[in-house]
Structures are given as structure tokens and as C-alpha cells.
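1. Sequence first, predicted model second:
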Amino acid sequence: MAYGTDIGDQFRLAATYVAKILRGAAPRDLPVQEPTKFELIINPKTARALGLTIPASLVQRADQVIERLRGSVHQPGRFRGHLSVAGTGAR
């Protein structure tokens with residue numbers, strides 16, 4: 001399980017800084033920005049190997065669920081398949 005910043009969002013923020021600098025802004029005058037978008041990524045197979053149970057409600061909230069079934073990465077908002085959660089009986 002990982003919770004961190006969205007790397008794509010970080011690249012977009014960096015690009016806006018570069019654009020401002022290339023247009024003549026002084027880097028010292030640019031404000032420091034903090035990440036605004038975060039991702040929750042869960043790997044149920046690893047959790048099971050560690051003897052951990054991930055609540056179904058947490059799996060549903062995840063941005064990505066990594067389950068190595070034929071090399072796929074499930075993104076709950078876009079995937080309508082089934083995912084078993086260890087110890088909960090949920091799918």
C-alpha cells in the first residue's frame with residue numbers, strides 16, 4: 001500500500017515553473033507550491049503475503065489496485081471486474 005503524490009501532477013507543476021522562468025520570471029520570485037493531488041495504491045497480493053487484511057472500503061477508495069492477474073493493474077474507477085479482498089469475503 002502506498003499513499004503519495006501523483007507523479008503526473010508533479011510534472012505538470014514543474015512544467016508551469018519552467019514556462020514562467022523561460023518567460024522571464026526570476027526563480028526567487030516564484031512561490032513554493034505543495035502537491036495538491038495524492039494517490040492511494042494497493043497491492044492485495046503483497047498484503048496477503050504479509051498476513052495483512054485490507055478492508056474492502058479502503059480498496060474501493062484506492063486510485064489503483066495492483067493485482068498481478070495476467071499482468072494487469074486495476075483502476076477501480078475504470079475497471080468493473082472482481083477483486084477478492086483477503087479475509088473479508090468481499091469482492
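-> Okay, I see it.

2. give me the element the residue most central in space within the chain is part of.
-> Nearest to the geometric centre of the chain sits residue 39, at 2.9 Å (CA atoms, centre = their mean). Using DSSP states H and E, residue 39 sits within strand 38-42.

3. Show me what counts as buried in the helix or strand following that strand.
-> Later in the chain than strand 38-42, the nearest helix or strand by DSSP H and E is helix 44-49. With burial defined by 16 or more other CB atoms under 10 Å, the residues of helix 44-49 counted as buried are 44, 47. Every C-beta, even on glycine, is put in place using the N, C-alpha and C of the backbone.

4. could you give me the average pLDDT of helix 44-49?
-> Averaging pLDDT along helix 44-49 gives 89.

5. Show me what that helix packs onto, helices and strands only.
-> strand 64-66 (3 or more CB pairs under 8 Å, 6 or more residues apart in numbering; DSSP states H and E).

6. and the strand it packs on, which strands flank it?
-> Counting by DSSP bridges, the strands paired with strand 64-66 are strand 38-42 (parallel), strand 73-74 (antiparallel).

7. Export those strands to JSON lines and append columns for distance to residue 15.
-> Below are the strands paired with strand 64-66 laid out as JSON lines (distance: least, CB to CB, whole Å):
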{"stretch": "strand 38-42", "distance to residue 15": "19"}
{"stretch": "strand 73-74", "distance to residue 15": "25"}
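
8. For those strands, which has the smallest mean pLDDT value?
-> Among the strands paired with strand 64-66, strand 73-74 carries the lowest mean pLDDT (a mean of 54).

9. where's the residue nearest to the centre of the chain relative to residue 58, distance?
-> 13 Å (CB to CB, to the nearest Å).

10. Would you mind listing the buried residues in the strand holding residue 39?
-> In strand 38-42, counting by 16+ other CB under 10 Å, buried: residue 42.

11. who's in contact with it?
-> 1-6, 54, 58-59, 61-66 (CB atoms under 8 Å, 6 or more residues apart in numbering).

12. Mark which of the residues you listed are buried, thanks.
-> 54, 59, 62, 64, 65, 66.
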